[in-house]
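Colleague: A structural model of the following input is requested.
(one chain, ligands or ions: 1)
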Amino acid sequence: MAATFDFSGYAVLVTGGTRGIGRAIAGAFAGAGAEVTVTGTRADAGEYGGNLSAFAYRQARMEDAASVDALAAATARVDVLVNNAGTVIRQPEGLTPDAFERTVAVNLNAVFRLCQGLREKLAARPGCVVNIASMYSYFASPHAPGYGAGKAAIPQLTKSLAALYAGDGVRVNAIAPGWTETDLTAPIQADPDRDRVIRARTPMGRWGRPREIAGAALYLASGDIAGFVTGATIPVDGGYSAG
Ligand SMILES: NC(=O)c1ccc[n+]([C@@H]2O[C@H](COP(=O)([O-])OP(=O)(O)OC[C@H]3O[C@@H](n4cnc5c(N)ncnc54)[C@H](OP(=O)(O)O)[C@@H]3O)[C@@H](O)[C@H]2O)c1
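Modeller: Numbering: from 1, shown residues only. All right, here's what the predicted structure looks like:
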């Protein structure tokens, strides 16, 4: 993506920035001059095969409250927090209560915990937050109810935190990606029946690309351009939610 934004001097933290949408968001901010820290589940950046050389790296497991708290404590300065880390556990395991709790812990609880853990540091800049919602924030998720439940709460949490943090000048917004080509959706891309249904259901007739989600993150994080935008969840979905 050509950098049309200037984030020089900004400290950006992208959870789950090792792959897919998070990696694209991290790359877009770095390309626009920011100092970017990404998190992943592995012990160190080398375990990702050199893909993360443009970023600082920290391990953080979002289902582990102590790990999320440690990430907040280790973050000295943050202008932009991108709560992107996410996981899905599909059926049959996805229908068990344990899987439900694990996916809600990663996709929802960790978002609140990290926002609150970084609240004072966000207020000190003031910074902003970009959460990642989903089409499953709005539509049924029968294959993975925990994923749908967690993601459904993201637009609501985004509004609540936007109202709560507004007095500190901290904006909180979200992006709701449509079906996007990443490892998370690889099994669905590889299933001809589901791939056909998704293309047919998406007015633009194709899957999104991670860099197309990243553009919305740059927009929302730009105080010059989106300075009066808070509490919003923006679909970037090829028209899926309009259909
Ligand atoms: N792809 C889509 O169609 C789509 C659509 C709507 C919303 N989303 C959302 O967009 C975000 C990124 O998804 P993606 O498609 O880019 O997924 P992805 O390619 O599978 O990447 C997931 C990222 O999250 C990290 N992660 C996974 N489980 C974690 C855990 N328990 N603790 C900490 N980090 C964890 C991964 O780290 P490791 O590399 O270390 O595993 C990786 O960096 C997610 O919130 C997802 O729900 C995706």
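Colleague: confidence score at M1?
Modeller: With respect to pLDDT, M1 scores 49.
Colleague: and what of T4?
Modeller: pLDDT, read off for T4, is 81.
Colleague: same deal with the one 4 residues further on?
Modeller: Reading off the per-residue confidence, S8 sits at a pLDDT of 98.
Colleague: burial count for it?
Modeller: Using other CB atoms under 10 Å, S8 has 9 other residues around it. (C-beta placed from N, C-alpha, C; glycine too.)
Colleague: Spatially, which residue comes closest to it, not counting chain neighbours?
Modeller: Leaving aside its chain neighbours, S8 sits nearest to G33 (3.6 Å; criterion: CB to CB, 6 or more residues apart in numbering).
Colleague: and the residue positioned nearest the centre of the chain, what is it in contact with?
Modeller: Nearest residue to the geometric centre of the chain (CA atoms, centre = their mean): N84, 2.1 Å. Under the criterion of CB atoms under 8 Å, 6 or more residues apart in numbering, the neighbours of N84 are V14, T15, G16, G17, I21, G22, I25, I132.
Colleague: Alpha carbons of the helix ranked longest in the chain, as PDB, please.
Modeller: The longest helix of the chain (DSSP state H) is helix 145-165. The C-alpha trace of helix 145-165 is given here as PDB (Å, rounded to 0.1, in the frame of the first residue of the first chain):
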ATOM      1  CA  PRO A 145     -21.100 -19.600  18.400                       C
ATOM      2  CA  GLY A 146     -18.300 -18.400  20.700                       C
ATOM      3  CA  TYR A 147     -16.700 -16.500  17.800                       C
ATOM      4  CA  GLY A 148     -20.000 -14.900  16.900                       C
ATOM      5  CA  ALA A 149     -20.800 -14.000  20.600                       C
ATOM      6  CA  GLY A 150     -17.400 -12.400  21.100                       C
ATOM      7  CA  LYS A 151     -17.400 -10.500  17.900                       C
ATOM      8  CA  ALA A 152     -21.000  -9.300  18.400                       C
ATOM      9  CA  ALA A 153     -19.900  -7.600  21.500                       C
ATOM     10  CA  ILE A 154     -17.100  -5.700  19.800                       C
ATOM     11  CA  PRO A 155     -19.300  -2.900  18.300                       C
ATOM     12  CA  GLN A 156     -21.000  -2.500  21.600                       C
ATOM     13  CA  LEU A 157     -17.800  -2.500  23.600                       C
ATOM     14  CA  THR A 158     -16.400   0.000  21.100                       C
ATOM     15  CA  LYS A 159     -19.300   2.400  21.700                       C
ATOM     16  CA  SER A 160     -19.000   2.000  25.500                       C
ATOM     17  CA  LEU A 161     -15.300   2.600  25.600                       C
ATOM     18  CA  ALA A 162     -15.700   5.500  23.100                       C
ATOM     19  CA  ALA A 163     -18.100   7.200  25.600                       C
ATOM     20  CA  LEU A 164     -16.000   6.300  28.600                       C
ATOM     21  CA  TYR A 165     -12.700   7.500  27.100                       C
END
